[in-house]
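Chemist: Pasted the sequence and its predicted model underneath.
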Amino acid sequence: GQQVMQIPQYQHVQEGEDFTTYCNSSTTLSNIQWYKQRPGGHPVFLIQLVKSGEVKKQKRLTFQFGEAKKNSSLHITATQTTDVGTYFCAENYGGSQGNLIFGKGTKLSVKP
Amino acid sequence: NAGVTQTPKFRVLKTGQSMTLLCAQDMNHEYMYWYRQDPGMGLRLIHYSVGEGTTAKGEVPDGYNVSRLKKQNFLLGLESAAPSQTSVYFCASSYPSSYQPQHFGDGTRLSIL
């Protein structure tokens, strides 16, 4: 079945260091979404990528969609303690029904 | 607006007991979803609904039933709880498109002893 692989599973960084998480799919994707879940919280939508090679930025966060639309990445520049949480990518597999397959997430911890 | 509201927030059950998790959304979303989240497993879709009166199975539907009698509510039932169903359950909703973000509730932490 369709799978989305997300790496790394954990990342520990010193505050101010950069952080990147990667998602790879076995199939060509129509779109990919990214979510953030704070400790003890619920997933919150960050962004969606649709176009091949698309790059979107949100302040210190940069999201990329691969040219072949089979992979994506989230890069955080100069991490802060507020970035702590688990970052999930999610790919659409349900056609128009909006069903998502979530990666297992990358748990980011930031040491002040 | 409250968004997506889940009740209860916590519950402890004994093996074999039954219960219903409630999800309510006030965003007039057509689509609703139930996920379970286990350590290291990400979010896995249990059941979903694309409209009032319709439901469908997701990735891990066994042991669960759902109902969508009203557009704003999506119920998840456990008929005979098992320890393997100990998990955090999230409800989500969205507009009717695969390009729309999903909005999640705060979750229900369920322990089956």
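Modeler: Everything's here; your move.
Chemist: If you check chain A against chain B, which residue is the closest one?
Modeler: A:Phe45 (3.7 Å; C-beta to the nearest C-beta). Any C-beta I mention is one placed from the backbone N, CA and C, and that applies to glycine too.
Chemist: any idea of the mean pLDDT for stretch A:34-41?
Modeler: Stretch A:34-41 comes out with an average pLDDT of 97.
Chemist: Check which residues of that stretch are buried.
Modeler: The neighbour-count criterion (16 or more other C-beta atoms under 10 Å in any protein chain shown) identifies A:34-37 as the buried residues of stretch A:34-41.
Chemist: which one of those residues sits closest to B:Lys71?
Modeler: The nearest member of these to B:Lys71, counting by C-beta to C-beta, is A:Tyr35 at 24.2 Å.
Chemist: Make sure that closest one is indeed in a strand.
Modeler: Yes - applying DSSP: H, G, I helix; E, B strand; the rest coil, one finds A:Tyr35 inside a strand.
Chemist: wait, what's in contact with residue 9?
Modeler: No chain was given, so I picked chain A. A:104-107, B:40 (C-beta atoms under 8 Å, 6 or more residues apart in numbering or on different chains).
Chemist: you looked at the wrong chain, it should be chain B
Modeler: B:106-109.
Chemist: can you do 7 Å?
Modeler: Contact analysis of B:Lys9 by C-beta atoms under 7 Å, 6 or more residues apart in numbering or on different chains lists B:106, B:108-109.
Chemist: How much space separates it from B:Thr108?
Modeler: Note on B:Lys9: its distance to B:Thr108, by C-beta to C-beta, to the nearest Å, is 6 Å.
Chemist: Check A:Asn71 too.
Modeler: The separation that A:Asn71 has from B:Thr108, given C-beta to C-beta, amounts to 33 Å.
Chemist: For those two, work out which one has more neighbours and name it.
Modeler: B:Thr108 (22 against 18; other C-beta atoms under 10 Å in any protein chain shown).
Chemist: Show me which residues of chain A are close to chain B?
Modeler: Counting by C-beta under 7 Å from any C-beta of the partner chain, chain A comes close to chain B at A:30-31, A:33, A:42-43, A:45, A:48, A:88, A:92, A:94-100, A:102-105.
Chemist: Point out where the chain drops to low pLDDT.
Modeler: Here I'm looking at chain A. Residues of chain A meeting the criterion pLDDT under 70: A:1-2, A:94-97.
Chemist: my bad, the chain I had in mind was chain B
Modeler: In the predicted model of chain B, residues B:1 satisfy pLDDT under 70.
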